[in-house]
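1. Dropping the sequence and predicted coords here.
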Amino acid sequence: MSEISCKQCGGEMKKTTKTDSNYGVQALGCAVFIIGIALLFVFPIGTIVGVCLMIFAASMGYKKSKVWKCNQCGYFFERA
């Protein structure tokens with residue numbers, strides 16, 4: 001593994017993940033989840049659509065990205 005030094009302070013950088021959340025989209029995801037629960041009781045197509053909506057709503061408003069983060073100053077940038 002190659003060591004990367006920070007562009008800001010020269011400290012050591014580590015591979016980590018950064019999470020971003022959007023509360024407005026999370027609230028919309030809760031509404032979509034409730035609609036999915038309501039569709040579970042409409043057989044048979046509603047059950048399939050309801051389960052798909054519930055799975056989709058679980059990831060709304062939440063994003064995880066891979067980053068390099070400096071241990072000393074907290075500077076970070078995205079990695080591939």
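-> Ah, there it is.

2. Counting by contacts, list what the host helix or strand of residue 50 packs against.
-> Using DSSP states H and E, residue 50 sits in helix 45-58. When contacts are defined as 3 or more CB pairs under 8 Å, 6 or more residues apart in numbering; DSSP states H and E, helix 45-58 packs onto helix 23-39. Where C-beta positions appear, they are placed from N, C-alpha and C, glycine not excepted.

3. where does the residue located most distally from the centre of the chain land in three-state SS?
-> In the chain, counting by CA atoms, centre = their mean, residue 43 sits farthest out from the average C-alpha position, at 31.5 Å. Using DSSP: H, G, I helix; E, B strand; the rest coil, the structure places residue 43 in coil.

4. which residues does residue 32 contact?
-> For residue 32, the contact set (CB atoms under 8 Å, 6 or more residues apart in numbering) comprises 53, 56, 57, 60.

5. Right, I'll call it a day here.
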